[in-house]
Structure formats: C-alpha cells, structure tokens
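Undergrad: Generate a structure from the sequence data that follows.
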Amino acid sequence: MRNRSNLRGRSLAAAFAVMAGIAAVAAAAPSAESTLPQSSEPYSVFVARAGEVDADLDVRLTNAAIALTAELADQPGRFRVVESADEADVRITIFDAQAVTSEVRHVGGPAGFTPNRVFESRGSDFFSFDAVVRVDGNRKQIEGSGTGATETGSFRSAASDFVRRLKAFAQESSGSR
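TA: Residues are numbered from 1 along each chain as shown. Purely as a prediction, here's the structure:
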C-alpha cells in the first residue's frame, strides 16, 4: 500500500513539474504577434552576374540580369532591388544563360511539288538561366526558363519563372513574409 501512494505522489509531483515548465515557457515566449515577420516589408535583392566570360555568354548573362531586375522591380510589394550585396536580404548570382533563337523554317510539301503551298514559319525563342541564390545563410541553385515569340519575350518569361521559384525559396528560408 505504501508503494502505491509513494508512486502516486511521484507521478503527481512529476505532472506538476511538467505543468510548471509549460507555464514558464509560455510566459517567457514572446507573443505570436511579435514573432511574425513584417509582411509589409519587401525582400531587398541584389542581382549580380558571373565575370570573366566569353563574349557570347557575357551578352546572355547581361540579358538575364536586365530581365530579372525588371521583373523584380515590377513587384515592389515583394522585392526591392538594391545596389549593394551588403544591404541585401537575397543575393542572386547568375552564372549561366542559354538562348535558342528560332530560325525561319520552311513548312509545306516537298520542294518542287506544290510550291505555292510552301510558306515560312517562325517558332518560339527559348531562354534559360541558372543562378545561385542566398537567403539568410541558405543557398540554392534556381533556374528560370521561358519561351516567347521574340528573344526579349523569352527573357521576360524566364525571369517570371525564376521569380516564382525565388519567392518559394525565400519564404521557406526565412519564414513567410
């Protein structure tokens, strides 16, 4: 009988200790409002590109940086482009870019057979770029790719795709903003 009451006493003391610990943690923890990140504050973003590249890649990297910067600037509620990596929450370094420009191609029957049915057609241009993104100490390689009726249109499409992936990575890296 004495062992049962001793065991009950220990269980009751342990339960009180756990409840006291929970109450202490709840009292010490800041309120939920103060721990939420400010949703009105946009991410500051710095866009850079790899240096010392050949002339063709240099043009593609520059086009990617221009398109990405324009796309980020079009979303002032979410992103703010800054001039210095030191003041940026998000740092993007574009290191590769690929462009496939559609050439005019002939569509129709075999040459010499019904020549009036042969016409020219232009397909879509394709552009993609890869970048390393750093957010709050986390790094990830992100790709943006897109197609368009023109080379500039495919740059914009790739930048939109990249920003969509960037939003997801930034939110998972630093909590939702």
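Undergrad: Can you name the residues that contact residue 162?
TA: Contacts were defined as CB atoms under 8 Å, 6 or more residues apart in numbering; by that measure residue 162 touches 68, 71, 129, 131, 142, 143, 144. Placement of C-beta: from N, CA and C, glycine included.
Undergrad: What about it? Give its phi and psi, please.
TA: Main-chain dihedrals, residue 162, degrees, to the nearest 10: phi -60, psi -50.
Undergrad: Would you mind measuring from it to residue 94?
TA: 9 Å (CB to CB, to the nearest Å).
Undergrad: Identify the contacts common to these two.
TA: Joint contacts of residue 162 and residue 94 (CB under 8 Å, 6+ apart) are 68, 129, 131.
Undergrad: Next, format the residues you listed as TSV and append secondary structure.
TA: Converted to TSV, these look like this (DSSP: H, G, I helix; E, B strand; the rest coil):
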residue	secondary structure
68	helix
129	strand
131	strand
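Undergrad: want to throw the residues you listed into CSV with neighbour count and distance to residue 58?
TA: Formatted as CSV, these follow (neighbours: other CB atoms under 10 Å; distance: CB to CB, whole Å):
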residue, neighbour count, distance to residue 58
68, 27, 16
129, 28, 13
131, 27, 16
